[in-house]
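S.K.: For reference, the sequence and a predicted model appear below.
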Amino acid sequence: MGLKIDLETCIGCGACVSACPFGALSQRADAKVEVNEACTACGACIEVCPVGALSMEVVEKKEAAGSLDAYRGVWVFAEQRGGKLQEVAFELLGEGRVLADKLGVELCAVLLGHGVKSCAATLFEHGADKIYVVDHPALAVYTAEPYAEAMSALIRKHKPEVVLAGATSIGRGFIARVAIQVKTGLTADCTELDVDADKRLLLQTRPAFGGNIMACIICPDHRPQMATVRPKVFKHPSPVAGRSGALVEEKLDLKDPAVKVLEIVNAMQNEVNVAGAEFIVTGGRGMGAPENFKLLAELAEALGGAAVGASRAAVDAGWISSFHQVGQTGKTVRPKIYIACGVSGQIQHLVGMNSSDTIIAINKDPDAPIFGVADIGIVGDLFHVVPELIKALKR
Ligand SMILES: Cc1cc2nc3c(=O)[nH]c(=O)nc-3n(C[C@H](O)[C@H](O)[C@H](O)COP(=O)(O)OP(=O)(O)OC[C@H]3O[C@@H](n4cnc5c(N)ncnc54)[C@H](O)[C@@H]3O)c2cc1C
């Protein structure tokens, strides 16, 4: 869809300019209105035009092959929180390096924040050839608007062919806005990425239809090709000490965000987050009741501070909060040891944990699908097995 302006009918009243939430309309010298690329085709202007000079038209907007060629390079959004780079940034750099090498292009990291330049050295060591830094007070605490504005401005200026971001609350929060602003597609929650180097296409694989099939999605007519990937889907690459590259500082004039962050509350408090945990003890419907999760907390403690995970069935039953959910609609984890207690092992759970180094399953049903992915399977009642494990660990 695209905004069509009938200049003959336009009376230059400016009503549409003030109604546009994206600053996409302005008045020319003769007061008639014109539209810029920030237009999202939301239609707010059409409603306020008193003379019906604005309308929406369907535009067949295929980028010409030549203009696609102007886009080169693989970009990774280097997510940081409070100046600390997030694990997913390194994982994406590792995968981005592979894609960039196949395409024969640079791998660039995009670092947004305030006072975050010190993160650059670590990004170079993890594979970035170039880093674009936008250091601005409006980016000090994450809010979607300035993050999207900054990333879109960089994309318009430097034209990368691939942009990757973590499917975290921050990545998910702003990257869809970026895709809209730069008028391209976005594939969320990819579990695998590859490239067709001849056609310069990013092959984006993700579960579809409730996880029953894996779909390979391409974005052939628009650039950049944008994807998000959950933490722990890709491995942390080995850093190369002393590796360096080009640091490009971009000065942007960002608007003050409409949303102000008053306070940041850590909802997890003292609990160990399953995302990033080395040891996870997960309870499913087989736990039977919320109070039985105390048993898993005990096992987690006996393991020296493991995280407690949960299947969606346990979360839906209200036994434990959704922060703990592992799986397709929960978190993707890759711990050293994953102990599944009373979890049947449906595909939507498995996609979130089957990359764990060692999987131990405790289930009283010998035919439970979880045993298909388990390295060690214990057929038995978890209420007998887990206390024995705790005793043994304490010994
Ligand atoms: C779109 C979509 C997204 C989904 N996303 C997720 C997701 O992110 N994560 C997720 O987990 N699920 C997800 N699901 C739900 C998923 O399909 C399953 O329903 C869910 O994983 C089942 O949870 P469960 O294994 O705990 O329960 P069940 O399948 O009911 O299994 C309970 C298991 O406990 C065993 N058991 C019972 N008592 C004991 C005992 N005393 N000792 C030992 N074993 C015992 C039983 O033998 C059984 O195998 C999703 C589903 C859909 C459609």
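M.R.: Sure thing, it's come through.
S.K.: what pLDDT does the spatially most central residue of the chain get?
M.R.: Nearest to the geometric centre of the chain sits A167, at 1.6 Å (CA atoms, centre = their mean). Confidence at A167, expressed as pLDDT, is 94.
S.K.: Go ahead and confirm it touches D189.
M.R.: Yes. Proximity of A167 to D189 meets the contact threshold set by CB atoms under 8 Å, at 5.0 Å. For glycine as for every other residue, the C-beta is placed from the backbone atoms N, C-alpha and C.
S.K.: and the closest residue to the ligand within the stretch 1-150 of the chain, how many neighbours?
M.R.: The ligand sits closest to V88 of the stretch 1-150 of the chain, with a gap of 18.0 Å, by CB to the nearest ligand atom. Number of residues near V88 (other CB atoms under 10 Å) recorded here: 29.
S.K.: re earlier: and the residue nearest to the centre of the chain, its phi and psi?
M.R.: phi -90, psi 60 (degrees, to the nearest 10).
S.K.: rewinding a little: need the residues touching each of A167 and D189.
M.R.: Shared contacts of A167 and D189 (CB atoms under 8 Å, 6 or more residues apart in numbering): 228-230.
S.K.: Let's have those in a markdown table, adding neighbour count.
M.R.: Shown next, in a markdown table, are the shared contacts of A167 and D189 (neighbours: other CB atoms under 10 Å):
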| residue | neighbour count |
| --- | --- |
| T228 | 25 |
| V229 | 28 |
| R230 | 26 |
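S.K.: ok now stretch 95-105, how far from the chain's centre?
M.R.: Centroid separation for stretch 95-105 versus its chain: 19 Å, with CA atoms, centre = their mean, to the nearest Å.
S.K.: Look up how far I217 lies from the nearest residue to A215 once chain neighbours are set aside.
M.R.: Spatial nearest neighbour of A215, excluding adjacent residues (CB to CB, 6 or more residues apart in numbering): A208 at 4.0 Å. Here A208 is placed at a distance of 9 Å from I217 (CB to CB, to the nearest Å).
S.K.: where are the low-confidence patches of the stretch 151-300 of the chain?
M.R.: 210-211, 268-270 (pLDDT under 70).
S.K.: ok, which stretches of it are strands?
M.R.: Ranges of strands within the stretch 151-300 of the chain are 162-166, 186-190, 192-196, 201-208, 213-217, 225-229, 246-249, 279-283, based on DSSP state E, counting those that start in this stretch.
S.K.: got a markdown table for these, with distance to the ligand too?
M.R.: As requested, the strands of the stretch 151-300 of the chain are exported to a markdown table (distance: least, CB to the nearest ligand atom, whole Å):
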| stretch | distance to the ligand |
| --- | --- |
| strand 162-166 | 18 |
| strand 186-190 | 11 |
| strand 192-196 | 18 |
| strand 201-208 | 9 |
| strand 213-217 | 12 |
| strand 225-229 | 16 |
| strand 246-249 | 39 |
| strand 279-283 | 8 |
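S.K.: Redo these as a markdown table? Include distance to C45.
M.R.: Listed next are the strands of the stretch 151-300 of the chain as a markdown table, based on distance: least, CB to CB, whole Å:
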| stretch | distance to C45 |
| --- | --- |
| strand 162-166 | 29 |
| strand 186-190 | 25 |
| strand 192-196 | 38 |
| strand 201-208 | 34 |
| strand 213-217 | 32 |
| strand 225-229 | 27 |
| strand 246-249 | 36 |
| strand 279-283 | 51 |
